[in-house]
Each structure stands twice: as structure tokens, then as C-alpha cells.
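Chemist: need coordinates for the following:
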Amino acid sequence: MPWHCVEYCAAGNETSYCRSFRQGFAKLGKVVSQADLILRRRESKISHERFVLASGAFDLLHPGHIRFLEQARSFGDVLVVAVYTDDAVRSRAARANEVKPKTPRPITPAAERAEIVAGLASVDYVVQCEGDSLASLIEQLSPGVIAEGSDKPEFESAAFPNGDPRAGETRVVSIALDPGYSTTAIIARIVDVGRLRLHSA
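Modeler: Numbering: from 1, shown residues only. Next up, the predicted model:
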């Protein structure tokens, strides 16, 4: 809440604007629009909260995802997770020259993936994000920390036409991921179980 609003309300003179502003943030859910997130970020600068940003598909959530986000949260006060949209997941796979999988990806729609990630205790806010808009989100959000998995460096300077975020106030940290966890491996196990049941029927 703006300082002039805080001071006025403290004197027992809460206006309808102050009340709607306060109630608006009280009702602000974990899954938010980028516009609401940026507004929240601007207000948080008053209290000097450090924002941490992590991003990914988070398709078929597994312990590796949860541990990564818990570690990311430890670097600041507020953890924001950018969940890639369905189109972004598909386009990123194409840019990586991956062989078209037998099982279409993502398995879970973006809205559901965002809701699931938002349910984690370590996560404060979730926004859906197109892959090519990540740089814009970072520029507007101005996080204190960007957390990335050690196996997928997302934040190369080439992705930022306005400069490398490392050169500013943003710190980029690489988090080692626990081996043995991946959505691809989960899908493979499900397919194997399905084949075994089919053959045994």
C-alpha cells in the first residue's frame, strides 16, 4: 500500500481507495497475471523484499521440482515461478531439435500446471509465461535473484537484448538438481506399465 495511504489509514481515516487496495492484495491469489505481479513488486520495494524468479514447464510435478523450488525460495523473501504456456513448451522442444515424442507435450495444460505449482508452500506467486516474453518479465519484475537448474541454463546473455541481467542488480544462481527425476522418465515408466498390462491381459 502506498505510504500516503498507510499514514492516512493509521490515523483512523481509511478511505474507500485504501480499503479496496488492501482488500485487493488480500484476495490476490497465488496464480496472478503479470500486471498484478508487477504492481505487487512495486509495492514490495517499500519493505525491501527480495524477489526470486524461477521458471520452467513443471509438467508432471515430481520431487526434483519441489526440491529445486524450495532451494530457490531460500535465496529471498518472495518466490515467483513463471510457468511456461503450452505453446511455449512445444516451441522450446522444437528449438532444442528434440525428436517428436510419441506422447504429446505438455501432458498437463498450463492453467493446471500453474495451479499445482501455486499449491507448494515454497511458492508465493505463479504467472504463465511465453518463452520469448521471459526477458520482458525479468526486466519489469527486476528480481533480486534468478534461480535456474544446473542442467538447463535459461538465462544466457543472448536471450536479453537489453543486456545481461548479471550486469545489473539481479543475481543468477545455479541450483544442482537431484538426479533421477524427470517428467520424461515418469512418462516412460507409465508407458512401460501400460505395455505390461496390455501383454498380460
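Chemist: domains of the chain?
Modeler: Taking automatic domain parsing as the domain assignment, the ranges for the chain are 1-28, 31-200.
Chemist: least reliable of those by average pLDDT, please.
Modeler: Lowest mean pLDDT within the domains of the chain: domain 1-28, a mean of 46.
Chemist: and for the closest residue to residue 38 other than its chain neighbours, the neighbour number?
Modeler: Nearest residue to residue 38, sequence neighbours excluded (CB to CB, 6 or more residues apart in numbering): residue 140, at 5.1 Å. Backbone N, C-alpha and C define where each C-beta goes, glycine included. Burial of residue 140 is recorded as 14 neighbouring residues (other CB atoms under 10 Å).
Chemist: tell me which helix or strand residue 140 sits in.
Modeler: helix 134-141 (DSSP states H and E).
Chemist: who does that helix touch, helix- and strand-wise?
Modeler: Contacts defined by 3 or more CB pairs under 8 Å, 6 or more residues apart in numbering; DSSP states H and E place helix 134-141 against helix 34-44, strand 51-56, strand 78-84.
Chemist: how about a cut-off of 10 Å?
Modeler: Counting contacts by 3 or more CB pairs under 10 Å, 6 or more residues apart in numbering; DSSP states H and E, helix 134-141 is packed against helix 34-44, strand 51-56, strand 78-84, strand 125-129.
Chemist: closest to residue 104 out of these?
Modeler: Of all those, strand 78-84 sits nearest to residue 104, with 15.1 Å by CB to CB.
Chemist: what are the pairing partners of that closest one, and which direction each?
Modeler: Strands adjacent to strand 78-84 in the sheet, as given by DSSP bridges, are strand 51-56 (parallel), strand 125-129 (parallel).
Chemist: would you mark the buried spots in the longest helix along the chain?
Modeler: Longest helix in the chain by number of residues (criterion: DSSP state H): helix 183-200. With burial defined by 16 or more other CB atoms under 10 Å, the residues of helix 183-200 counted as buried are 183, 187.
Chemist: same question for stretch 113-132.
Modeler: 113-118, 120, 122-129, 131.
Chemist: farthest-apart pair in those residues, please.
Modeler: For the buried residues of stretch 113-132, and using CB to CB, no pair is farther apart than 122 and 131, which are 23.2 Å apart.
Chemist: noted, bye for now.
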